[in-house]
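Peer 1: I would like to see how this sequence folds:
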Amino acid sequence: MQNYNVYVPRLVTKKDTFVSGHRACIGCGEALAVRLACKALGQNVVIANATGCMEIVSSPLPTTSWKVPWIHTLFENSAAVASGIESGLKMLMKKGRIAQQEIKVVAMAGDGGTSDIGLQALSGALERGHNFLYICFDNEAYMNTGIQRSSATPFGAATTTSPVGKKSIGQVSWKKNMPAIAAAHNIPYVATACPSYPFDLIEKVEKGASTPGPAYVHILSVCPTGWRCPTDLTVRIGRLAVETGIFPLYEVENGKYKLNFDFPELRPVVDYLKLQGRFRHLSEDLIAKIQQRVTADYAALKEKASDDEK
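Peer 2: Predicted structure coming up:
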């Protein structure tokens, strides 16, 4: 299937600041996403990382996979800690304690630490206009603590707290639209990304980190353990999420929407759902319901992007 927009391969540094030795699961899409994001951020950066999969797998005492200044924060306050870091650096430079320079400040958290527990801290930091980048690595559940549902868990997905049964279809609510919530704060840059499209992800993280003021990048991170899918299909499933319209790739720059990848025709959502055990219980009626919702949401997004191009 052809893309209307094709990204030309670019030079990417061979240096890693998120390095091997971590204890992520085989096929972890989030570990891949973090590695790519860190390539885009470079070394002059301070990262505040909320409790979650990446914090657990990357920093078991006395070892670490981070080669840049990195702070482990509580589940709910990575954005608040990043706000403090940004304000502190600004004051240190103002007082001449450190040289004037560009130091990127980045907050990282999963979907639980972003759309649920950390939403208040994130909203406050965006509203106050702190100059930092917030990256959400979205694996669509609380995977680190036992695959519990979050507000980012998609409709119909089975988790340990939204189990399937005689009277249950799994998750009964629709996935929270965090990029739209971030964009509603009227910040200068919001984007979605997926490590299955690595050059697109790197460009968006670079753009978000270099944008004056707050920026938000939401990255879909395939989780073979929680999604019940083969570990060698991580990249393929991420591409299918985009090609079906379930997770479109777009940017919102100063309130204007831009669809980065579009397709002459979206693939049916069943192509994405059938590869994941968390959806294997879905009936044809429920799949049709998901298809209807995805088609409508994608059409609405295309209309926004089309209107902003005029």
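Peer 1: What strand or helix carries the spatially most central residue of the chain?
Peer 2: A centroid search over the chain (Cα atoms, centre = their mean) returns Ile219, at 2.2 Å, as the residue closest to the centre. Here Ile219, judged by DSSP states H and E, is contained in strand 215-220.
Peer 1: Could you name the helices and strands sitting against the helix or strand just after that strand?
Peer 2: As assigned by DSSP H and E, the chain's next helix or strand after strand 215-220 is helix 224-227. Judged by 3 or more Cβ pairs under 8 Å, 6 or more residues apart in numbering; DSSP states H and E, helix 224-227 has no packing partners among the helices and strands. C-beta: built from backbone N, CA, C; applies to glycine.
Peer 1: Now do Gly146 against Gln171, distance only.
Peer 2: Distance of Gly146 to Gln171, given as Cβ to Cβ, to the nearest Å: 15 Å.
Peer 1: Show me where the stretch 151-300 of the chain has its helices.
Peer 2: Ranges of helices in the stretch 151-300 of the chain, per DSSP state H, counting those that start in this stretch, are 178-183, 198-210, 224-227, 234-243, 270-273, 284-309.
Peer 1: Tell me the gap between the first one and the middle of its chain.
Peer 2: What that stands for is helix 178-183. The chain centroid and the centroid of helix 178-183 are separated by 12 Å under Cα atoms, centre = their mean, to the nearest Å.
Peer 1: which residues does the residue nearest to the centre of the chain bridge with?
Peer 2: Phe137, Ala193 (DSSP bridges).
Peer 1: Leu32 is in contact with that one, correct?
Peer 2: No. Contact criterion Cβ atoms under 8 Å: Ile219 and Leu32 do not qualify, at 9.9 Å.
Peer 1: Point out where this protein drops to low pLDDT.
Peer 2: The model of the chain has pLDDT under 70 over residues 1-10, 310.
Peer 1: returning to what we had before: give me the common contacts of Ile219 and Leu32.
Peer 2: Pro195 (Cβ atoms under 8 Å, 6 or more residues apart in numbering).
Peer 1: now the strands for the stretch 51-200 of the chain?
Peer 2: Listed in chain order, the strands of the stretch 51-200 of the chain (DSSP state E, counting those that start in this stretch) span 70-73, 104-110, 133-138, 164-165, 168-169, 189-193.
Peer 1: May I see those strands organised as CSV, with mean neighbour count and distance to Leu89 added?
Peer 2: Formatted as CSV, the strands of the stretch 51-200 of the chain follow (neighbours: other Cβ atoms under 10 Å; distance: least, Cβ to Cβ, whole Å):
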stretch, mean neighbour count, distance to Leu89
strand 70-73, 19, 13
strand 104-110, 28, 7
strand 133-138, 28, 14
strand 164-165, 14, 48
strand 168-169, 14, 48
strand 189-193, 26, 20
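Peer 1: Is there a neighbour count for the nearest residue to Leu92 once chain neighbours are set aside? I'd like the number.
Peer 2: Excluding its sequence neighbours, the residue lying closest to Leu92 (Cβ to Cβ, 6 or more residues apart in numbering) is Ile98, at 4.8 Å. For Ile98, the neighbour count with other Cβ atoms under 10 Å is 12.
Peer 1: Compare the helices of the stretch 151-300 of the chain and report which one is nearest to Ile103.
Peer 2: Closest to Ile103 of those, according to Cβ to Cβ: helix 198-210, at 10.6 Å.
Peer 1: Ala209 versus the closest residue to Thr159 other than its chain neighbours, what's the distance?
Peer 2: In this structure, Thr159 finds its nearest non-sequential neighbour in Arg149, 4.3 Å apart by Cβ to Cβ, 6+ apart. As defined by Cβ to Cβ, Arg149 lies at a distance of 31 Å from Ala209.
Peer 1: Let me see the contact set for Val68.
Peer 2: Neighbours of Val68 in contact, by Cβ under 8 Å, 6+ apart: 17, 38, 41, 43, 45-47.
Peer 1: swap in Gly208?
Peer 2: Gly208 is in contact with 133, 135, 189, 191, 215-217, counting by Cβ under 8 Å, 6+ apart.
Peer 1: Would you point out the most distant pair within these?
Peer 2: Ile135 and Tyr189 (12.0 Å).
Peer 1: okay, and the common contacts of those two?
Peer 2: Shared contacts of Ile135 and Tyr189, counting by Cβ under 8 Å, 6+ apart, come down to 208, 216.
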